[in-house]
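Colleague: Need coordinates for the following:
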Amino acid sequence: MDLWRELRAGPHPLPVLYLACDGCGQVTAHTRVQKVMSISDGTLTGSPPEAVCEACEHAQPRTVGDELPADTTVTCTGHRFRRLGFRRRRKGCGEAFVVPAAAVLVVCPWCVTRPAGPGSKPGQAT
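Modeller: Numbers count the residues shown, from 1 in each chain. Model prediction:
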């Protein structure tokens with residue numbers, strides 16, 4: 001019964017952080033988090049979680065107030081994945097979401113495609 005409810009549920013947005021990347025120096029989407037673990041002298045130690053840049057794969061630790069405020073609305077022109085399978089639907093995503101105006105790399109939280117950023121022409125994919 002839980003599987004049936006999950007298949008019928010609407011799509012849930014992915015939490016997307018827009019941060020000024022320390023690696024490439026641009027405002028990009030950070031959707032993944034990594035944590036480095038090490039073993040020394042028989043003890044396991046771990047670093048704090050680090051957000052990973054979608055553009056350059058640079059990982060940086062989070063700080064207070066590092067998330068940029070959203071101020072531009074973007075309508076996604078990508079296509080969502082089908083519920084069963086790995087192919088995308090023919091119908092466009094069409095979801096609207098807000099991102100910082102300075103973002104050069106935008107990731108749709110519903111279909112995880114990279115539509116055009118706020119500074120580029122509408123309908124142009126990156």
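Colleague: most distant residue from the middle of the chain?
Modeller: Using C-alpha atoms, centre = their mean, the residue of the chain lying farthest from its centre is residue 41. It sits 37.1 Å away.
Colleague: Next up, the contacts around that one.
Modeller: Contact criterion C-beta atoms under 8 Å, 6 or more residues apart in numbering gives no residues in contact with residue 41. The way it works is simple: take the backbone N, C-alpha and C, and place the C-beta from them, glycine included.
Colleague: so where's the protein shaky on pLDDT?
Modeller: The model of the chain has pLDDT under 70 over residues 1-11, 81-86, 88-89, 117, 119-126.
Colleague: any idea how far the nearest residue to residue 50 once chain neighbours are set aside lies from residue 109?
Modeller: Setting aside the residues directly before and after it, residue 50 is nearest to residue 59 in space (C-beta to C-beta, 6 or more residues apart in numbering), at 3.9 Å. The spacing between residue 59 and residue 109, counted by C-beta to C-beta, to the nearest Å, is 21 Å.
Colleague: got a list of what residue 53 touches?
Modeller: Residues in contact with residue 53 (C-beta under 8 Å, 6+ apart) are 19, 21, 23-24, 28-30, 59-60.
Colleague: From the residues you listed, keep the buried residues only.
Modeller: 19, 21, 28-30, 59-60 (16 or more other C-beta atoms under 10 Å).
Colleague: For those residues, could you give me TSV that also reports distance to residue 101 and secondary structure?
Modeller: Output for the buried ones among the contacts of residue 53, formatted as TSV (distance: C-beta to C-beta, whole Å; DSSP: H, G, I helix; E, B strand; the rest coil):
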residue	distance to residue 101	secondary structure
19	15	strand
21	16	coil
28	14	strand
29	14	strand
30	17	strand
59	25	strand
60	21	strand
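Colleague: Throw the residues you listed into TSV and include distance to residue 104, thanks.
Modeller: As requested, these are exported to TSV (distance: C-beta to C-beta, whole Å):
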residue	distance to residue 104
19	12
21	10
28	6
29	10
30	13
59	19
60	16
